[in-house]
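Student: Mind looking at a prediction? Sequence and model below.
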Amino acid sequence: MIPAAFDYVAPSSVDEVVRELAAAGDEAKVIAGGQSLLPVLRMRLAAPAKLVDLGRIPELRGVRDDGDAIVIGAMTTHYEVQRDPLVREHASLIALATDTVADPQVRHRGTFGGSLAHADPAGDLLAPALALDAELVLSGVDGRRTVPAGEFFTDIFTTSMRQDEILCEVRVPKRTGWNAHYEKFNRVAQAWSIVAVAAAVRTEDGTIAEARVGLTNMAATPLRATAVEQALVGQPATTEAITAAAQHAAEGTSPSVDGNADLEFRQHLARVLTSRAVSAAVGA
Amino acid sequence: MTATVEPEIGRARLRKEDARLIAGRTRWTDNLTLPGLLHMAILRSPMAHARITAIDVTVARKMSGVLAVFTGADLADEQGSLPCAWPITEDMKSPSAPSVAVDRVNFAGEAVAVVVARSAYEAADALEAIDVDYDELPVVLDMEAAVAEGADLVHEDLGTNTSATWVFDSAEAGTGSDVEQAIAEAEVLIERTYRQQRLIPAFMEPRSVVVDPTGEQFTMWSATQVPHILRVMLAMTLSVPEHKVRVIAPDVGGGFGGKLQVTPEEVLTFLVARRMGKAVKYTETRSESILAAHHGRDQLQKLTLAARRDGTVTGLKVELLADMGAYLRLVSPGVPILGAFMFNAIYKFPAYRFVCTNVFTNKTPTDAYRGAGRPEATFAIERLMDELAAELGVDPIEVRERNWIRHEEFPFTTVAGLTYDSGNYEAATAKAKELFGYDALRAEQRERRERGDSVQLGIGTSTFTEMCGLAPSRVLGSLSYGAGGWEHAAIRMLPTGKVEVVTGSSPHGQGHETAWSQIVADQLGVPFEDVEVLHGDTQSSHKGMDTYGSRSLTVGAMAVVRAADKVKAKAAKVAAHMLEASEGDVEFEAGAFRVRGAGATAKSVSIQDVALAVFAAHDLPDGVEPNLDSEATFDPENFSYPHGTHLCAVEVDTETGRVDVRSYVAVDDVGKVVNPLIVEGQVHGGLAQGIAQALFEEAVHDESGTLLTGTFADYLVPSAADLPTFTTDRTETPATSNVLGVKGVGEAGTIASTPAVVNAVVDAVRHLGVSDIQMPCTPMRVWQAIRTGQTDAGGLGNEAGGGLGSIDSSGGAR
């Protein structure tokens, strides 16, 4: 599997990257960890003239505390995210979802930002980012801007990033003390999600005070199961109440259909997995 | 043999080949580089069935680094037809099988042009510049539709999609009675149709071939299981004299039957190298391997089992459709026929009829895949025995016991005409049940059913045997196979007492180097480390029938043993001379010759002493050649019949349809064991592949014949994370058909495990009205079966077979 020929640059600053992208127009493609892009290139599903590698820009890497949020550098690898104490404490949903991504080799190369920017609806980090109201910080020739996750994912493999922009970092509001769970359904351990549900819940004295539920692979973009979230609030953190609320999980979904699951099965899975995700999060 | 040291046979030695392989000091074909090596790439048809109306290669030919582009028209005169060595019937229809399509393509993935370039990169780039015009033809994909009246044809010139129909009937053969009568008189009739989905061998190392035409001989390196067969077939196919071809199978990374082939890629590389007068390499991509290397299984099995109410089976009728794909490859037609002798399995059925219709479709050709014919047969009968048990409301093991051959009845000639030499099904089953905790699991199953647990427990049984050690040449001849089934070995005694063993079997991961060293160490009384095993090069190993069908040990190693016998016989003459004794007074033990009865302290000469004396040749008896080297060719008189009892417990999540294998017990009887570690490895790998068919793997085509499962993201090969911890054990009933008492083990795990798993899945949800789930048992299929069963209570779902009427109120099979 040999990709078509391409030029390759590895700039050492974001400014340089942005200039490269602006100059190259549609001909360039950004490479982060390469875990999605390289197979695409090798199968010749894409043949960009130039690859701009983000791998040599230290400022894009790492996790920092920023008051009411944590900030995850786009080039932080899944392996680093999994183990980062800030992520585990303030955005445990992201750490748990990252645990399920592919296999250790992929997690050592693949990056948090690359995953989001690739916008594969079966990717496991989109729904958690959406559920946690993450904000994506982009840099382009016109400077920096911040886009909420809800406006970032626009279609399958499509985001609101402009051609000259890259994703620099992701601000995730702290949800310290929340309980979270990522319930992934696939056929073999290394496969993508057929359906997965990201749940983060805050309980007060056995009652669900706040709930955030994100759905993976139930539409061209990640979805918030808002009807479920609303139905959960104020309910006791019991299996019965959660299962009842989870019956709303398939509302508004429009998943793609493949040999693993037709529409009916996917929507059924969304309900079952939502119930399980929320129950597991609260320990019901 | 050796009195002072522990025998090598039976030792769980670490494999001597592994340190090198693990450390990467490997010689895969693709690692090979030669001066001026050129690289070939293949353009493949995206169409499953089409006329080629035009191919424009002018742009590609002018591209950087490109030396030549050849189309089918360019090579038509010299490519011949790819060989099929197994014409199963005299009137078998076999289309001409080009390596590169000339005027039409018959499956998506068929080669339509090749590029030769200075680098693999430039060759790949040039593929994109070739322009092919296709005129689409109707696509034939479904076997039942293909054999129906008025069907579109894959090969119009053949006038039919049926390649051949092969029949075995016990009444006609005189091995049993008439099955139609048994069916007419049956108290219980189980009728089912099972589908063996199409599988992809998915060996670790993609295929690769290098041809160097610059020497006196053409030298071909290929990632093949069959260097010897390949050499003969190249000579027969390509009008190149056999003595001008040398084939080398260097390190080969797995095959599972997928490299038991004479491939279009090998032929094309050969033709192109001959044209260019330069060495050429072709290495397939993983996607090409999945698409174009031969596939496996793909049968539709219509089955009728007749029985009495006491569980005694009175007859079995098998009607198969077997998908050949677009062409007949090396042994394609014979693969389902290998199953013909195994549907009766370990049972004493009085009447049996087998009819197999081989069908052409516009898909990748099928051929041998681990087990080749026997997994299909074993699946069918082991599923049927569970269905019979459910129908009768008895335990599945009980119904098997009522029908199986008892250990005191061996040797036993079956209704299919084979004579099983040895076995002890009772012992293997008893051990498996104990290790499994059978009764406790049945109790838990009952409890969960009563509780209506959302996770249900199922227990699956497979009591299998198989015929392997391919094969007695006379039997192969009677089945119209195009070659014999013997194997060759040679032993060279080196002057320093070291030993070279040349084997005609061709390892590609099995561990021959270790096992053969153990055997020869015992035979000749030399240290394990002093034995070197040579293989896979037709120059050093000039004679052989290669490795497949679990034949290496039961056939290949017997040749090694016989060669060692000849070495010892030659050495005895020299040793007697050295001991100044007559040959008849000399005995060989623990690597040394002594005068018989002279005691352990008496003068002795070691086999190494003899080797040195023969090398010097200063003082040999009159008429004795200075040579201990010996060779032997062994032709087995019977197949090898390993057997075993496999028990599988699955948990089925009834809310999601997900199946988790909770425990798996495999008690195999492979006779005497040379190396328990290697046997264990074979069983583990075999189980993984058999479980994969039950739960994960399936080659899927869309309605236009495009393979949808073209990468490992879609064709799901399970990893260790998806499989349980296996509990393996053995019983040991020595084979009586060979001197070591050994039986084949390479395919046993694959053959046994698929029905064990599916039986378990069905067992878990049978009380919900399910009696079958198509393989692989994906979550969606399981979930749908449960729903269909529930909404159609008391009756049959679309997927379900019959026999639910007798399910007892406690929930069917106990």
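Tutor: Yep, it's here. Residues are numbered from 1 along each chain as shown, chains lettered A, B, ... in the order given.
Student: Tell me the buried residues in stretch A:158-176?
Tutor: Neighbour-count burial for stretch A:158-176 flags A:159-161, A:164-172, A:174-175 (criterion: 16 or more other CB atoms under 10 Å in any protein chain shown). Quick note: C-beta positions are derived from backbone N, CA and C, even for glycine.
Student: What is the nearest of these to chain B?
Tutor: Chain B lies nearest to A:Thr159 out of the buried residues of stretch A:158-176, by CB to the nearest CB, at 22.0 Å.
Student: what is the closest one paired to in the beta sheet?
Tutor: For A:Thr159, the beta-bridge partners under DSSP bridges are A:Phe153.
Student: before we move on, the earlier item: could you dump the buried residues of stretch A:158-176 to a markdown table with pLDDT and secondary structure?
Tutor: Shown next, in a markdown table, are the buried residues of stretch A:158-176 (pLDDT from 0 to 100; DSSP: H, G, I helix; E, B strand; the rest coil):
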| residue | pLDDT | secondary structure |
| --- | --- | --- |
| A:Thr159 | 98 | strand |
| A:Ser160 | 98 | coil |
| A:Met161 | 97 | coil |
| A:Asp164 | 96 | coil |
| A:Glu165 | 97 | coil |
| A:Ile166 | 98 | strand |
| A:Leu167 | 98 | strand |
| A:Cys168 | 98 | strand |
| A:Glu169 | 98 | strand |
| A:Val170 | 98 | strand |
| A:Arg171 | 98 | strand |
| A:Val172 | 98 | strand |
| A:Lys174 | 98 | coil |
| A:Arg175 | 97 | coil |
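Student: Domain parsing of the chain, as residue ranges.
Tutor: This is for chain A. A:7-53, A:58-173, A:179-282 (automatic domain parsing).
Student: Chain B is the one I meant
Tutor: Split by automatic domain parsing, chain B gives B:18-24+B:486-634, B:32-137+B:204-254+B:259-292, B:296-470+B:638-806.
Student: Please report how far A:Phe6 lies from A:Ala245.
Tutor: In this view, A:Phe6 and A:Ala245 are 49 Å apart by CB to CB, to the nearest Å.
Student: B:Gly311 now?
Tutor: In terms of CB to CB, B:Gly311 sits 51 Å off from A:Ala245.
Student: try B:Asp56
Tutor: From B:Asp56 across to A:Ala245, the span is 62 Å (CB to CB).
Student: higher neighbour count, those two?
Tutor: Comparing B:Asp56 with A:Ala245 by other CB atoms under 10 Å in any protein chain shown, the one with more neighbours is A:Ala245, at 25 against 13.
Student: Could you check the pLDDT of the closest residue to the more buried one other than its chain neighbours?
Tutor: In space, and not counting its chain neighbours, A:Ala245 is closest to A:Ala231: 3.7 Å by CB to CB, 6 or more residues apart in numbering or on different chains. On pLDDT, A:Ala231 comes in at 98.
Student: ok, now B:Ala3?
Tutor: On pLDDT, B:Ala3 comes in at 46.
Student: again, but for the one 4 residues further on
Tutor: According to the model's per-residue confidence, B:Pro7 sits at a pLDDT of 95.
Student: try B:Ala813
Tutor: Per-residue pLDDT puts B:Ala813 at 32.
Student: and if you look at B:Gln774?
Tutor: B:Gln774 carries a pLDDT value of 97.
Student: distance of the residue in chain B sticking out farthest from the centre from chain A?
Tutor: Each residue of chain B has a distance to the centre, and by CA atoms, centre = their mean the biggest one is for B:Glu580: 52.1 Å. Applying CB to the nearest CB, to the nearest Å, the value for B:Glu580 to chain A is 68 Å.
Student: just checking, that residue is part of a strand?
Tutor: No. Under the criterion used here (DSSP: H, G, I helix; E, B strand; the rest coil), B:Glu580 is coil, not part of a strand.
Student: Show me the shaky parts of the chain.
Tutor: Assuming you mean chain A. Counting by pLDDT under 70, chain A has no low-confidence residues at all.
Student: Chain B was what I was after
Tutor: Scanning chain B with the threshold set as pLDDT under 70 gives B:1-5, B:790-814.
Student: Contact partners for the closest residue to B:Met63 other than its chain neighbours?
Tutor: In space, and not counting its chain neighbours, B:Met63 is closest to B:Ala126: 4.7 Å by CB to CB, 6+ apart. Residues near B:Ala126 by CB atoms under 8 Å, 6 or more residues apart in numbering or on different chains: B:Ala41, B:Ala60, B:Met63, B:Gly65, B:Val66, B:Val69, B:Val115, B:Ala117.
Student: closest to B:Pro336 among those residues?
Tutor: Distance to B:Pro336, by CB to CB, is smallest for B:Ala41 among these, at 34.2 Å.
Student: Let me know whether the closest one touches B:Ser119 as I believe.
Tutor: No. The criterion here is CB atoms under 8 Å, and B:Ala41 misses it with B:Ser119 at 10.2 Å.
Student: who in the stretch 151-284 of chain A is up against chain B?
Tutor: Within the stretch 151-284 of chain A, the residues that sit near chain B (CB under 8 Å from any CB of the partner chain) are A:185, A:187-192, A:194, A:259-262, A:265, A:268-269, A:272-273.
Student: Of the residues you listed, just the buried ones, PyMOL syntax please.
Tutor: Remark: buried members of those, expressed as a PyMOL selection using 16+ other CB under 10 Å:
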select buried, chain A and resi 185+187+188+190+191+192+194+260+261+265+268+269+272+273
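Student: before we move on, which element is A:Ser279 in?
Tutor: Following DSSP states H and E, one finds A:Ser279 within helix A:263-282.
Student: now the contacts of B:Ala126 in JSON lines, with neighbour count and secondary structure?
Tutor: Output for those, formatted as JSON lines (neighbours: other CB atoms under 10 Å in any protein chain shown; DSSP: H, G, I helix; E, B strand; the rest coil):
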{"residue": "B:Ala41", "neighbour count": "26", "secondary structure": "strand"}
{"residue": "B:Ala60", "neighbour count": "23", "secondary structure": "helix"}
{"residue": "B:Met63", "neighbour count": "17", "secondary structure": "coil"}
{"residue": "B:Gly65", "neighbour count": "17", "secondary structure": "coil"}
{"residue": "B:Val66", "neighbour count": "21", "secondary structure": "strand"}
{"residue": "B:Val69", "neighbour count": "26", "secondary structure": "strand"}
{"residue": "B:Val115", "neighbour count": "29", "secondary structure": "strand"}
{"residue": "B:Ala117", "neighbour count": "24", "secondary structure": "strand"}
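Student: and which of these is nearest to chain A?
Tutor: The nearest member of the contacts of B:Ala126 to chain A, counting by CB to the nearest CB, is B:Ala41 at 8.5 Å.
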